[in-house]
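Asks: give the three-dimensional model of this entry:
(one chain, ligands or ions: 1)
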Amino acid sequence: MKKKFVLITGIAGFIGFSLARKLIINKVPIIGIDSFNTYYDTKIKYKRISELKKINKDLIILKDNLQNYKKLKNKLDSYKITKLYHLAAQAGVRHSIKKPKDYVDNNLIAFSNILELSRNKRIKHLILSSSSSVYGNKNNSPLSEKSNADFPIQFYGATKRSNEIMAYSYSYLYKIPTSVCRLFTVYGPWGRPDMALYIFVKNIISGKKIDLFNKGNHQRSFTYIDDVVDGLILVGNKAPKKKKFEIYNIGSGKQIYLKKYLMAIEKELGKKARINLTKLQKGDVKSSIANISKIKKIGFRSETSLDFGIKQFVLWYKNYHKI
Ligand SMILES: NC(=O)c1ccc[n+]([C@@H]2O[C@H](COP(=O)([O-])OP(=O)(O)OC[C@H]3O[C@@H](n4cnc5c(N)ncnc54)[C@H](O)[C@@H]3O)[C@@H](O)[C@H]2O)c1
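Replies: Numbers count the residues shown, from 1 in each chain. All right, here's what the predicted structure looks like:
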């Protein structure tokens, strides 16, 4: 019998890598794909992959762009894939204001190929990473999967919502069990260099000023990476049966002001930030708080405290940059 694999797209990215590491430790056979794009420094992407290869030297990594369907299909033809975690995407809210086309190519075209692949390879479960950005600008009450998600205020959110809708019709027509995971701001070791935590820590250490957008009055459900990975695995192990399609929020469920997040970082580093208070940025939502009652029903617990999570990041950052 052919060996069965779990396919992870975006394996060189922050979340794809963290999920892959946990699955490899759990002895799950995986194949990873990534285009290693240059949205941020690729050095960290290659380092993540070498971390994975330390645990499994035979790990299969394909360096390919999902926009090329023919190549994708040919390369995967000989493998039996049962589950597919789609984590590759052009992420970043602010970048989507400057370069919306990147989101058409990497989120819409690339994802249409993932759907075709899922159909042709008769994938047993497609797990798609979406984002809290689909909810757009709401008041500061917690967002549930039933909240309206049809008015995202940036193109990133629009492509993520489009992915969900595209996935629904494929799941309905071709009976592909599909789970959408709407992730809320993820942080932790090996995190993205374009995200607040990385930039804050870097600038506090070097003494450079930090732009604190909306004067730090944003609220987010900052969610620790290990909790997100646990959530993705829980969802992945529960393929929807009758309905074939489910949406889950994955977030901490807590409500934290950006300025409190910064204070926790300052405390951990033992150094104050030099702050430049700025106004709300175009496309930034003021508040994004997760209602996680649905995923809790399948066993999700998001128990990592902010202080612990930030401590882990700072330890990793100093070790990674040899500080
Ligand atoms: N990090 C967060 O806080 C967060 C929050 C909500 C949703 N998400 C979603 O989670 C997923 C993973 O995010 P991340 O933070 O790990 O981002 P990331 O940028 O670190 O990882 C994405 C990876 O996908 C790869 N990629 C992009 N386009 C590709 C293509 N066309 N073909 C092949 N590979 C391609 C990139 O090279 C990158 O390594 C994304 O779908 C993102 O939208 C992330």
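
Asks: residue numbers of this structure in contact with the ligand?
Replies: Residues of the chain lying near the ligand by C-beta under 6 Å from any ligand atom: 10, 12-16, 33-37, 45, 65-67, 87-91, 106, 110, 129, 131, 183, 185-186, 192. C-beta: built from backbone N, CA, C; applies to glycine.

Asks: so what's the residue count around Lys241?
Replies: Other residues near Lys241 number 8, with proximity taken as other C-beta atoms under 10 Å.

Asks: what residues are up against it?
Replies: Residues counted as contacts of Lys241 (C-beta atoms under 8 Å, 6 or more residues apart in numbering) are Pro177.

Asks: other SSEs contacting the host helix or strand of Tyr317?
Replies: Counting by DSSP states H and E, the element that carries Tyr317 is helix 306-320. Contacts of helix 306-320 with other secondary structure elements, assessed using 3 or more C-beta pairs under 8 Å, 6 or more residues apart in numbering; DSSP states H and E, are made with strand 186-187, helix 196-206, strand 223-224, helix 258-269.

Asks: mind doing that once more with 6 Å?
Replies: Under the contact criterion of 3 or more C-beta pairs under 6 Å, 6 or more residues apart in numbering; DSSP states H and E, helix 306-320 touches helix 258-269.

Asks: in its sheet, what does the helix or strand following the helix it packs on sit against?
Replies: The first helix or strand that comes after helix 258-269 along the chain, using DSSP H and E, is strand 275-277. For strand 275-277, the paired strands and their directions (DSSP bridges) are strand 210-212 (parallel).

Asks: how far does the partner strand sit from the chain's center?
Replies: Taking C-alpha atoms, centre = their mean, to the nearest Å, the mean C-alpha location of strand 210-212 is offset from the chain mean by 23 Å.

Asks: please work out which residues outside it touch it.
Replies: If you take C-beta atoms under 6 Å, 6 or more residues apart in numbering as the criterion, strand 210-212 is touched by Phe200, Asn203, Ala273, Ile275, Asn276, Leu277, Thr278.

Asks: give me the contacts around the helix or strand following it.
Replies: Where DSSP H and E defines the elements, the next helix or strand beyond strand 210-212 is strand 219-220. The list of residues contacting strand 219-220 from outside it, by C-beta under 6 Å, 6+ apart, reads Asn140, Thr185, Gln255, Tyr257, Ser287, Ser288.

Asks: how far is strand 219-220 from where the chain is centred?
Replies: The answer for strand 219-220 is 17 Å, by C-alpha atoms, centre = their mean.

Asks: ok, that strand: who's next to it in the sheet?
Replies: With DSSP bridges as the criterion, the sheet partners recorded for strand 219-220 are strand 256-257 (antiparallel), strand 287-288 (parallel).

Asks: show the average pLDDT along that strand.
Replies: When pLDDT is averaged over strand 219-220, the result is 89.

Asks: could you pull out the buried residues of the longest helix belonging to the chain?
Replies: Longest among the helix segments of the chain by residue count, using DSSP state H, is helix 155-174. By neighbour count, with 16 or more other C-beta atoms under 10 Å as the criterion, the buried positions of helix 155-174 are 155-164, 166-167, 170-171, 174.

Asks: ok, stretch 108-124 next?
Replies: Neighbour counts over stretch 108-124 (16+ other C-beta under 10 Å) mark Leu108, Ala110, Phe111, Ser112, Asn113, Ile114, Leu115, Leu117, Ser118, Arg119, Lys121, Ile123 as buried.

Asks: out of the contacts of strand 210-212, which are buried?
Replies: A residue is treated as buried here by neighbour count (16+ other C-beta under 10 Å); on that basis the buried members of the contacts of strand 210-212 are Phe200, Asn203, Ala273.

Asks: quick one: which of these is nearest the ligand?
Replies: Looking at the buried ones among the contacts of strand 210-212 and their distance to the ligand, the nearest is Phe200, at 14.5 Å (C-beta to the nearest ligand atom).

Asks: ok, that closest one - contacts?
Replies: Ile210, Ile265.

Asks: quick check: it vs Tyr320, distance?
Replies: 16 Å (C-beta to C-beta, to the nearest Å).

Asks: over to Asn203?
Replies: Here the distance between Asn203 and Tyr320 works out to 16 Å (C-beta to C-beta).

Asks: for Thr185, same thing?
Replies: When distances are taken as C-beta to C-beta, Thr185 and Tyr320 turn out to be 21 Å apart.

Asks: burial count for the residue of the chain found nearest the ligand?
Replies: Nearest to the ligand in the chain, going by C-beta to the nearest ligand atom, is Gly13, at a distance of 1.9 Å. Burial of Gly13, expressed as a neighbour count using other C-beta under 10 Å, amounts to 27.

Asks: report pLDDT for the nearest residue in space to it that is not next to it in sequence.
Replies: Spatial nearest neighbour of Gly13, chain neighbours left out: Leu87 (6.2 Å); criterion: C-beta to C-beta, 6 or more residues apart in numbering. pLDDT, Leu87: 98.
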